[in-house]
Structure formats: structure tokens, C-alpha cells
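*Asks:* Output the structure for:
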Amino acid sequence: MGERGPWLCAGVVGAAGLVMPILPGRGPCLRCVFRDPPPPGTLATCDTAGVISPAVGLIASMQAGLALRLLSGAPDPEVALLELDAWNGEVRRIRTRPDPDCPACVQGRFPWLDEPKAQRAVTLCGRNTVQVRGQGGNLDLDSLSEKLQGVASNVRRAGPILRFCVEEHQLTLFPDGRALVEGTEDTDRALALVDRYVGT
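*Replies:* Numbering: from 1, shown residues only. Down below sits the predicted model:
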């Protein structure tokens, strides 16, 4: 499929969500559709509006269907923004053309990617979980699993990840150093747990 895509973008807030296939060179990108992002704090988020599970399932199913279509070699889907509302049962297709002056796909400017690295820990919306970003390098999960025996409870490998429980929290570690700390939305607490039991 080439070095550039395709990609599938999706998101859910409240009872509705959006899905859009991105086919570089064959249709618009998200910046073509949303040329000027709204100021921070002006739109609802999953923290402020919540998310209902049927909407997540609806968007995830649509995204998976489009992915299968792309992977199977079938004709490309139409590049359009789909808005699905699980509460009202409504579907809206927004068709648009590539922006000939698009800062992203035409001019190659990506200001959000060029910004300094995001903060190390972020709260995952509605999951009572904090994600702690890795600091580079790969984790030796087998060695760490042995070290945690007797220190943590329920230490277990599940394919490429390591899970264990400490201090009423469950941690999931990935080979790239990323960690999910369940049972808290306090980023400082999550960072302290990762530093204490995994190291930086």
C-alpha cells in the first residue's frame, strides 16, 4: 500500500462519532476537511460529555469494516467523512475534495507533529487509567517479570505484554516502554508507580 497510508481516522464523543479513510494522493486528508481547528476547550470531549458504549462499538465496527476492505485489495472506499449517531440512529456522509492549498498534504507542514514531545503521562478518557509514555528503548519484560515475583501480585505475561498488580492498581507494560496504570486518573501517582516498579 506504499509508504504513505492508507489510514483510518475515527473518534467518539457522547453518542456520536466520526470515521474517515485517508488515501494519500487519492482524496482529502483531515486537514482538508478541518482547515482551521477550533480553539482548545471549545468542543465537547469524552471527559466533558462522556461516551456511550454503543457509539464506540458502532464506530469501531465501521472502522474495522473499512480496514478489511483496504486490506483485501477491494476497490478503495469513497473518501468521505462519516458521522454516525448511536442515539438517534442517524448517519451522515460528508463529501469533500482535496484542498489545493492544504497545509498538510500539499505543503507538507505538520505543526502538531513538530511540537515538543507531549507530557509523559496522560489520563485516558472515561477509563480511570493513565497512560505513561516510554522513555525510549525496549523493556526486557521477561527479566522484569522475574524481578516482580514476590513484589507484585498476579504477575503474568499475555503475549507481548506484561501485567501485574501493585498497591491496588493494575499495570500493563508494553515492549516499547509504554505503561497503562489502571485504578487512577492521577498522573503523578501513575508516574510514581511506574518509576517505582519499572524504573525510568
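*Asks:* which helix of this protein spans the most residues?
*Replies:* With residue count as the measure and DSSP state H as the assignment, the chain has helix 53-72 as its longest helix.
*Asks:* Which residues does it contact?
*Replies:* In this structure, residues lying in contact with helix 53-72 by Cβ atoms under 8 Å, 6 or more residues apart in numbering are 1, 6, 8, 10-12, 14-19, 21, 76-77, 82, 84-87. Every residue, glycine included, has its C-beta placed from N, CA and C.
*Asks:* Excluding covalently adjacent residues, which one is nearest to Cys46?
*Replies:* In space, not counting the residues next to it along the chain, Cys46 is nearest to Cys125; the distance is 3.7 Å by Cβ to Cβ, 6 or more residues apart in numbering.
*Asks:* Quick check: phi and psi at that neighbour.
*Replies:* Cys125 adopts backbone torsions of phi -60, psi 120, taken as degrees, to the nearest 10.
*Asks:* quick one: it from Leu141, how far?
*Replies:* Computed with Cβ to Cβ, to the nearest Å, the distance linking Cys125 and Leu141 is 27 Å.
*Asks:* For Asp142, give me its contacts.
*Replies:* Under the criterion of Cβ under 8 Å, 6+ apart, the contact list for Asp142 reads Arg157.
*Asks:* where does the protein have low pLDDT?
*Replies:* Segments of the chain classed as low confidence (criterion: pLDDT under 70) are 1-4, 39-43, 45, 47-48, 112-119, 135-137, 200.
*Asks:* and it, what are its domains?
*Replies:* 7-114, 121-197 (automatic domain parsing).
*Asks:* from the chain's centre, how far out does the first one sit?
*Replies:* Its chain's C-alpha centre and that of domain 7-114 lie 13 Å apart, by Cα atoms, centre = their mean, to the nearest Å.
*Asks:* what sits up against stretch 146-155?
*Replies:* The contact list for stretch 146-155, computed with Cβ under 8 Å, 6+ apart, reads Ser145, Leu162, Arg163, Phe164, Cys165, Val166, Gln170, Tyr197.
*Asks:* Contacts for the helix or strand where the fourth one lies, please.
*Replies:* Applying DSSP states H and E as the criterion places Phe164 in strand 161-166. Residues from elsewhere that reach strand 161-166 (Cβ under 8 Å, 6+ apart): 139, 141, 144-145, 148, 151-157, 170-175, 193, 197.
*Asks:* Now do the strands in the chain.
*Replies:* Assigned by DSSP state E, the strands in the chain fall at 7-13, 16-22, 80-85, 90-95, 121-124, 129-132, 153-158, 161-166, 169-173, 179-182.
*Asks:* Format those as TSV; extra columns: mean neighbour count and distance to Cys105.
*Replies:* Formatted as TSV, the strands of the chain follow (neighbours: other Cβ atoms under 10 Å; distance: least, Cβ to Cβ, whole Å):
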stretch	mean neighbour count	distance to Cys105
strand 7-13	17	12
strand 16-22	22	9
strand 80-85	18	15
strand 90-95	11	17
strand 121-124	16	27
strand 129-132	21	28
strand 153-158	12	38
strand 161-166	18	34
strand 169-173	20	35
strand 179-182	22	32
